[in-house]
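Colleague: Show me the folded form of this:
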Amino acid sequence: MRTAPVAKGEGAGLAAAVSLILASAKVRDHVADRDGLLARRPVAAAARRVAAGWDRAGARTGAALGFDTALLVDAVDRQAGIETLAGIGTPLLTVTEPTETATAAAFAHTAVLAGKPQNAAPLAEAGRLFGRLAHLLDAVEDREADAASDAWNPPPRPEGPGAPSRHRHPAVRGAPALRRRAARRTAGAARGGVHRRQARPRPAHP
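Modeller: Purely as a prediction, here's the structure:
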């Protein structure tokens, strides 16, 4: 077997902690939807055990960096409850809020690791927008599979010959704007803070 380079450092550790928690959430989501082999109880039970192990590993890694992954776990748990109760007319932002909260916390903690706590707020905003974008794109990607299994999916499902394609879906059409906003927040933090709009001088009145 050939060796592979492994990223080291606090940033890589934070990314690993978050990835473990979110991977665990994805597994539990598939179990809840009874996808494929996960519809079988023994397989589902094994998948839950694996997910629980990832949760513990993520918590240990996060704790070593001063990052409490309990917020991520709470967001994941709330996500499942919100989607269970959601239906036609439920605001999209109500459904995306747990994901936004989780990614905002992860982004904000990078400011702590970098020794720039003043950047936590703009990075949290960038993370919130990134989380919303990721949630919506994931939902659109899963739209057909969710429709086949009668699982709830936040974006409405257009029907008929004139229905928009996946890439023209309303949730996707707003993606570029979200991406630009997140990039502006991140760029502002990288330059030392949030940009403030300069006030234009007002003409003097006689």
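Colleague: hey, let's count contacts and neighbours off CA atoms from now on
Modeller: Noted.
Colleague: Tell me how far the closest residue to residue 113 other than its chain neighbours lies from residue 143.
Modeller: Residue nearest to residue 113 in three dimensions, not counting chain neighbours: residue 10, with 6.9 Å by CA to CA, 6 or more residues apart in numbering. Applying CA to CA, to the nearest Å, the value for residue 10 to residue 143 is 36 Å.
Colleague: which of the two has more neighbours?
Modeller: Neighbour tally, residue 10 and residue 143, criterion other CA atoms under 10 Å: the higher count belongs to residue 143, 19 against 16.
Colleague: Which helix or strand in this structure has the lowest average pLDDT?
Modeller: helix 170-173 (a mean of 53; mean pLDDT, DSSP states H and E).
Colleague: Residue 47 reaches residue 27, doesn't it?
Modeller: Yes - between residue 47 and residue 27 there is a contact under CA atoms under 8 Å: 6.9 Å.
Colleague: buried sites along the helix or strand containing residue 145?
Modeller: Assigning secondary structure by DSSP states H and E places residue 145 in helix 143-149. Neighbour counts over helix 143-149 (16 or more other CA atoms under 10 Å) mark 143, 146 as buried.
Colleague: now do stretch 89-106
Modeller: Residues of stretch 89-106 classed as buried by neighbour count (16+ other CA under 10 Å): 95-106.
Colleague: Could you do stretch 76-87 as well?
Modeller: By 16+ other CA under 10 Å, the buried positions in stretch 76-87 come out as 76, 78-80, 82-83, 86.
Colleague: Which member of the residues you listed is positioned nearest residue 133?
Modeller: Nearest to residue 133, judged by CA to CA, of the buried residues of stretch 76-87 is residue 79 at 15.5 Å.
Colleague: Contacts only, for the closest one.
Modeller: Going by CA atoms under 8 Å, 6 or more residues apart in numbering, residue 79 touches 95, 98-99.
Colleague: Report the spatially closest residue to residue 131, excluding sequence-adjacent ones.
Modeller: residue 100 is the one closest to residue 131 (CA to CA, 6+ apart), at 4.5 Å.
Colleague: Which pLDDT value does the model give that neighbour?
Modeller: We have a pLDDT of 93 for residue 100.
Colleague: before we move on, what about the one 10 residues further on?
Modeller: The predicted local distance difference test score for residue 110 is 94.
Colleague: Pull the contacting residues for it.
Modeller: Contacts of residue 110 (CA under 8 Å, 6+ apart): 11, 120.
Colleague: can you tell me the helix or strand for it?
Modeller: Going by DSSP H and E, residue 110 is part of helix 92-113.
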